[in-house]
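Enquirer: Fold the following, please.
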Amino acid sequence: MNPSKQTNNLTVPLAWLLYSIVCYLIFLTTFLYLIGFTGGVLVPKTINDGPAVDWPLAALINGLLMIMFGIQHSLMARRSVKNAMAALIAPVAERSTYVLLSSLVLGVMFWLWRPIPYTVWEIEAAWAKALLSGLFWLGWVIVLLATFLISHFELFGLKQAIDHWRNTPQKAAIFKTPLFYHLVRHPMYLGFLIAFWATPHMTAGHLLFALGMSVYLFMGARFEERDLVRLFGERYRRYQRDVGMIMPRLRKRHR
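Expert: Predicted coordinates for the structure are as follows:
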């Protein structure tokens, strides 16, 4: 084998692996910042911080930021967009690039978000505050666990790059429903909903964020369901009939 060709065969997969690691670290930083942003902990700018503007302008800016995130996050997950991206980047880096751009758009949201400080509710009782704070953290635990129950590193693009670097063939997707997935089809989205709404002090700005992201989560789940039906066919349709999409069903439907 030509030495230069052999070197290239080793260098390119390593470069994509390093790219995916960087994308993952950016995602991880953004994810941790999102926790602090919504919970008001350990970050320089939270959902209730930032330059003060009149509330109609703040609502407009914040609404546009959430629409921007929703469009980017949904469009890049569609098969037609993925096919178009394949002409620009290697397939092994497609998921990492999606994760990177989603993280950057979230970063822009954090940066440009405008507070609307009017209080919608504020809980004074210590036990109720503790309960809501506990639910907030429980929501994030559910989100994180849900990613590991399927394939955390594949979801965020690292596994694809590692397999490519090791020259390991990609395996076909496996349909599985571990733990939370017996209760809801999208436990990660349920975790986000709990985290976004569980707060002892709900401001108008936080309420707008919770409402906007909740609408997006339900819409995004619908789009995702189409891809899953296409991938797993009748098996996923049976799963849809038996298990709630984001909220658990109190009882199963009669077939």
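Enquirer: any idea where the strands of the chain begin and end?
Expert: 119-122, 201-203 (DSSP state E).
Enquirer: Hmm, Ile142 and Leu193 touching each other?
Expert: No. Using Cβ atoms under 8 Å, Leu193 makes no contact with Ile142, being 9.7 Å away. C-beta: built from backbone N, CA, C; applies to glycine.
Enquirer: mind checking the backbone torsions on Gly50?
Expert: phi 130, psi 170 (degrees, to the nearest 10).
Enquirer: quick revisit: out of the strands of the chain, nearest to Ala86?
Expert: strand 201-203 (43.1 Å; Cβ to Cβ).
Enquirer: Return the list of helices and strands in contact with the closest one.
Expert: strand 119-122 (3 or more Cβ pairs under 8 Å, 6 or more residues apart in numbering; DSSP states H and E).
Enquirer: average pLDDT for the strand it packs on?
Expert: Average pLDDT, strand 119-122: 96.
Enquirer: what comes up buried for stretch 144-157?
Expert: In terms of neighbour count (16 or more other Cβ atoms under 10 Å), stretch 144-157 has its buried residues at 145-147, 149-150, 154-157.
Enquirer: Would you quantify the distance from Asp54 to Val108?
Expert: 22 Å (Cβ to Cβ, to the nearest Å).
Enquirer: Gly205 now?
Expert: Gly205 is 17 Å from Val108, by Cβ to Cβ.
Enquirer: The two: which is more packed in?
Expert: For the pair Gly205 and Val108, the greater number of neighbours falls to Gly205 (24 against 13), based on other Cβ atoms under 10 Å.
Enquirer: Just the pLDDT at that one, thanks.
Expert: 97.
Enquirer: give me the number of residues near the residue nearest to it when sequence neighbours are not counted?
Expert: The shortest distance from Gly205 to any residue other than its chain neighbours is 3.6 Å, reached at Ile116 (Cβ to Cβ, 6 or more residues apart in numbering). Neighbour count of Ile116, defined by other Cβ under 10 Å: 24.
Enquirer: Verify the stated contact: Ile116 with Ala204.
Expert: Yes. Using Cβ under 8 Å, Ile116 makes contact with Ala204 at a distance of 4.0 Å.
Enquirer: Now tell me which helix or strand of this structure has the poorest mean pLDDT.
Expert: Every helix and strand in the chain was compared by mean pLDDT, DSSP states H and E; the lowest is helix 79-85, with a mean of 74.
Enquirer: chain center to it, what's the gap?
Expert: 19 Å (Cα atoms, centre = their mean, to the nearest Å).
Enquirer: which parts of that helix are buried?
Expert: Met85.
Enquirer: Show me what the lengthiest helix in the chain is packed against.
Expert: Ranked by residue count under DSSP state H, the longest helix found in the chain is helix 3-39. Contact partners of helix 3-39 among helices and strands, from 3+ Cβ pairs under 8 Å, 6+ apart: helix 94-112, helix 126-150, helix 158-166, helix 187-197.
Enquirer: In TSV, list the ones you listed along with distance to Ser74.
Expert: Listed next are those as TSV, based on distance: least, Cβ to Cβ, whole Å:
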stretch	distance to Ser74
helix 94-112	10
helix 126-150	19
helix 158-166	21
helix 187-197	13
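Enquirer: Redo those as CSV? Include distance to Phe232 and mean pLDDT.
Expert: Formatted as CSV, the helices and strands packed on helix 3-39 follow (distance: least, Cβ to Cβ, whole Å; pLDDT from 0 to 100):
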stretch, distance to Phe232, mean pLDDT
helix 94-112, 19, 95
helix 126-150, 13, 96
helix 158-166, 19, 92
helix 187-197, 17, 97
